[in-house]
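Colleague: 3D model of this:
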Amino acid sequence: MTTVNFKKNILCVGAGYVGGPTMTIIANKCPNYKVTVVDISQERIDAWNSDNLPIFEPGLLERVQKARGKNLFFSTEIDRCIDEADIIFVAVNTPTKMFGEGAGKAVDLQFIEQTARRIKENAKSNKIVVEKSTIPVRAAETMANILHSGNSSVQFEILSNPEFMAEGTGIRDMEAPDRILIGSKDTPSGLAARDVLMEIYLHWVPKERLVTTNLWSSELSKLVSNAFLAQRISSINTIASICEATEADVTEVSRAIGMDSRIGPKFLNAGPGFGGSCFRKDILNLVYLCEFYQLNEIASFWEQVVSLNDYQMDRFVKRILQAMFNTLVGKKLAIFGFAFKPDTGDTRDAPAISICKRLLEEKAYLNITDPHALKNARKDLQDFEEGLDFVEDPYKAVEGTHGIALITEWTLYKELDYQKIFDKMEKPAFIFDGRNLLDHKALYEIGFNVYPIGKPALNHL
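Modeller: Residues are numbered from 1 along each chain as shown. Alright, predicted model coming up:
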C-alpha cells in the first residue's frame, strides 16, 4: 500500500452541520491535505462513514464519497487525532445557556472549554487552533488562557474563522463564498498562522474574497451578520401585518423596496418567522453582550427583533384560528413542511415547532409532512402523545383535513395537484400559505379559501 505524504494534517472537532460539510469541501479542494473529522458520538461518525449521512444537504453525499478514504476521514479517536494534527478546527455545539447567569441569552461555552482542555492534554507539538463555532467576542482569549496554562512548552496560535454557510445552500456557499473571514492576532506568529489558513482557502477562493481582521472583529462579525439578516426578516414581517390590515400586497412592497440598491432584494420574503440554529441564538448572545457592557438601549433594540419573530408565529396561528370560525377543536390540519427552511432536514428553532404546539393546544389534529425532517419533527413534538401523525406522502396527509398550513417552502409543494388535494379535504377547505409559495388565484378558483402572508385573503365565505 502506497503511503501518501500529505502537506499538513487538518482536524475538525465536531461532526455536525458545520464541521462535516466544511471539512468535506476542504478535502475536495485540497487533495494534498489530510482532513479528519472527529466526534464523541459513535453513531454520528458511523453515519458519516456510510451513505446515509447524519445531515441532509444537496450535493454533500457526492462530495463525501469522492474524498472519503482518500484524504477525508471520520473517527472517534479524538486524542490520537489531536496529537497528529497541525491545524485544529473547533466546530462543537455552542447552544444558548439555559441555566444560571445569562440563562436564555448567553452562550453555553462548556463544550468549547472541554475541547480546549482536551487539545491541551493531547498536543505534543505546536498547533493552530481555528474557532469555527459561533462564540462570543473575546472567547479566543479564554481559549488561549486554557491552552497555555501549566508548564507545557507547546505553543498554540488561535484564529477566528466563522462560517457563513446557509443550510440548504451550504455546499454552494462554501465552494463559491461571498467572503472567507479570518481573524488573528497582530503579532508575527499570529499573522504567520493566518497565512497558513489563507493558503488552504486559496486553493479555490479568489484572494480578494479573503477578509482578514483582528480576532475580536472576526468573532463579532458573525453575530452581527446573523443579527442583520434576522432583523430584515422581522422587519418585512411587520410590514406583512400592515399589508393584511390595509389590503396592500407585501410581495409588491418587497419588490419595490428591494429594487433600491441601498436595500437589495434578499431576505425580504414575508413568512411565519425565522428559525434555524443561529439567528435567535446569535441575537440573544448579542443582547447579552450589550447588557454586559451596560449598553441597555442597544440590547433592547436587538431583543425586539426576537420578540417580533415570536409575534409573527403567534399571529400565523391566530389567523388560522380566526379564519376557521374561532375553533380548531376536533379539526384536522395538514402541515406542509417542518424543517426551518427547504433543502435541509434541520428543525432547530423551526417556526413549525411553535406553530404546531399552539395548534395542538387548540385541540387540532395535525398530519405533518416533510421530505426530510419527519425524524426530527417526532423528537421536537414528543411531549404530545395525541393529536398528531407524521405522513411522508402529502396526498395522504391531506385526506379528511379541514385545512393546510404551508410552513416550509419546499419546491414539491408548488408542484402538487391541488384539485386532487381539494377533492380529498373536508369543506370548506382552507389553505394558509405561510411562504406565499402557491398560485393563490388558481387555488381560489378550485374552491379553496386562501390566506396568504401579507396579502388580502381570497375566500368564498
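Colleague: Which positions within the helix or strand of the chain with the lowest mean pLDDT qualify as buried?
Modeller: In the chain, no helix or strand scores lower on mean pLDDT, DSSP states H and E than helix 139-147, which sits at a mean of 86. Residues of helix 139-147 classed as buried under the neighbour-count rule (16 or more other CB atoms under 10 Å) are 139-140, 143-144, 146-147. C-beta: built from backbone N, CA, C; applies to glycine.
Colleague: Looking at the residues you listed, spot the one nearest residue 177.
Modeller: Residue 177 has its nearest neighbour among the buried residues of helix 139-147 in residue 140, at 21.8 Å by CB to CB.
Colleague: quick one on the thing from earlier: distance to residue 87 for the buried residues of helix 139-147 - can I get that in a markdown table?
Modeller: Shown next, in a markdown table, are the buried residues of helix 139-147 (distance: CB to CB, whole Å):
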| residue | distance to residue 87 |
| --- | --- |
| 139 | 19 |
| 140 | 15 |
| 143 | 15 |
| 144 | 16 |
| 146 | 18 |
| 147 | 14 |
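Colleague: Out of those, the closest to residue 305 would be?
Modeller: residue 139 (22.5 Å).
Colleague: burial of residue 8, as a residue count?
Modeller: 16 (other CB atoms under 10 Å).
Colleague: Can you get me a residue count around the nearest residue to it once chain neighbours are set aside?
Modeller: Distance criterion CB to CB, 6 or more residues apart in numbering; nearest residue to residue 8, sequence neighbours excluded, is residue 86 at 4.4 Å. By other CB under 10 Å, the residues close to residue 86 number 17.
Colleague: Okay, residue 86 and residue 356: tell me how far apart.
Modeller: Shown here: residue 86 relative to residue 356, a distance of 47 Å by CB to CB, to the nearest Å.
Colleague: helix/strand/coil for residue 404?
Modeller: What DSSP: H, G, I helix; E, B strand; the rest coil gives for residue 404 is strand.
Colleague: What helices and strands are in contact with the least confident helix or strand of the chain?
Modeller: Packed against helix 139-147 by the contact rule (3 or more CB pairs under 8 Å, 6 or more residues apart in numbering; DSSP states H and E) you find helix 110-122, strand 127-131, strand 156-160, helix 215-246.
Colleague: quick check: mean pLDDT across the helix or strand where residue 298 lies?
Modeller: Assigned by DSSP states H and E, residue 298 belongs to helix 296-323. Mean per-residue pLDDT for helix 296-323: 97.
Colleague: ok and it relative to helix 215-246, angle-wise?
Modeller: Angle of helix 296-323 versus helix 215-246, following axes from the mean of the first three to the mean of the last three CA atoms, to 10 degrees, is 40 degrees.
Colleague: Tell me which other helices or strands helix 296-323 touches.
Modeller: For helix 296-323, the elements it packs on are helix 215-246, helix 279-292, helix 351-361, strand 403-406, strand 430-433, strand 449-452, judged by 3+ CB pairs under 8 Å, 6+ apart.
Colleague: helices or strands up against the helix or strand following that helix?
Modeller: Beyond helix 296-323 on the C-terminal side, the first helix or strand identified by DSSP H and E is strand 332-336. Using 3+ CB pairs under 8 Å, 6+ apart, the elements in contact with strand 332-336 are helix 351-361, strand 365-369, helix 394-397, strand 403-406.
Colleague: Restricting to C-alpha, output the longest one in PDB.
Modeller: Spelled out, that is helix 351-361. Extracted C-alpha coordinates of helix 351-361, given in PDB (Å, rounded to 0.1, in the frame of the first residue of the first chain):
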ATOM      1  CA  PRO A 351     -41.200  28.100  13.300                       C
ATOM      2  CA  ALA A 352     -43.200  24.900  12.800                       C
ATOM      3  CA  ILE A 353     -42.300  23.700  16.300                       C
ATOM      4  CA  SER A 354     -44.000  26.700  18.000                       C
ATOM      5  CA  ILE A 355     -46.900  26.800  15.400                       C
ATOM      6  CA  CYS A 356     -47.700  23.100  15.800                       C
ATOM      7  CA  LYS A 357     -47.600  23.300  19.600                       C
ATOM      8  CA  ARG A 358     -50.000  26.200  19.600                       C
ATOM      9  CA  LEU A 359     -52.300  24.400  17.200                       C
ATOM     10  CA  LEU A 360     -52.200  21.200  19.300                       C
ATOM     11  CA  GLU A 361     -53.100  23.400  22.400                       C
END
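Colleague: Mind listing what's buried along that helix?
Modeller: Quick answer for helix 351-361 (16+ other CB under 10 Å): 351-356, 358-360.
Colleague: try stretch 110-126
Modeller: Here stretch 110-126 shows 111-112, 115-116, 119-120, 122-123 as buried, counting by 16+ other CB under 10 Å.
Colleague: For that stretch, list the C-alpha coordinates in PDB.
Modeller: Output of stretch 110-126 as PDB, limited to C-alpha atoms (Å, rounded to 0.1, in the frame of the first residue of the first chain):
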ATOM      1  CA  GLN A 110     -18.800  24.300  28.300                       C
ATOM      2  CA  PHE A 111     -18.100  22.300  25.100                       C
ATOM      3  CA  ILE A 112     -15.600  24.900  23.900                       C
ATOM      4  CA  GLU A 113     -13.800  24.700  27.200                       C
ATOM      5  CA  GLN A 114     -13.900  20.900  27.200                       C
ATOM      6  CA  THR A 115     -12.400  20.800  23.700                       C
ATOM      7  CA  ALA A 116      -9.700  23.300  24.600                       C
ATOM      8  CA  ARG A 117      -8.700  21.200  27.700                       C
ATOM      9  CA  ARG A 118      -8.600  18.100  25.600                       C
ATOM     10  CA  ILE A 119      -6.400  19.700  23.000                       C
ATOM     11  CA  LYS A 120      -4.000  20.900  25.700                       C
ATOM     12  CA  GLU A 121      -3.800  17.400  27.200                       C
ATOM     13  CA  ASN A 122      -3.100  15.600  23.900                       C
ATOM     14  CA  ALA A 123      -1.000  18.100  21.900                       C
ATOM     15  CA  LYS A 124       2.700  17.300  21.900                       C
ATOM     16  CA  SER A 125       3.600  19.800  19.100                       C
ATOM     17  CA  ASN A 126       2.600  23.400  18.200                       C
END
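Colleague: what about that stretch, distance to the chain center?
Modeller: What separates the centre of stretch 110-126 from the centre of its chain is 27 Å, taken as CA atoms, centre = their mean, to the nearest Å.
Colleague: Same check on stretch 424-442?
Modeller: With CA atoms, centre = their mean, you get 27 Å for stretch 424-442.
Colleague: re the thing from before, which ones are touching the residue nearest to residue 8?
Modeller: 8-10, 127-128 (CB atoms under 8 Å, 6 or more residues apart in numbering).
Colleague: ok, back up a step: quick one: which of the buried residues of helix 139-147 is nearest residue 167?
Modeller: Nearest to residue 167 among the buried residues of helix 139-147, counting by CB to CB, is residue 139 at 23.3 Å.
Colleague: Next, find the distance separating the closest one from residue 114.
Modeller: From residue 139 across to residue 114, the span is 14 Å (CB to CB).
Colleague: One more: residue 178?
Modeller: 32 Å.
Colleague: Also residue 389?
Modeller: Residue 389 is 39 Å from residue 114, by CB to CB.
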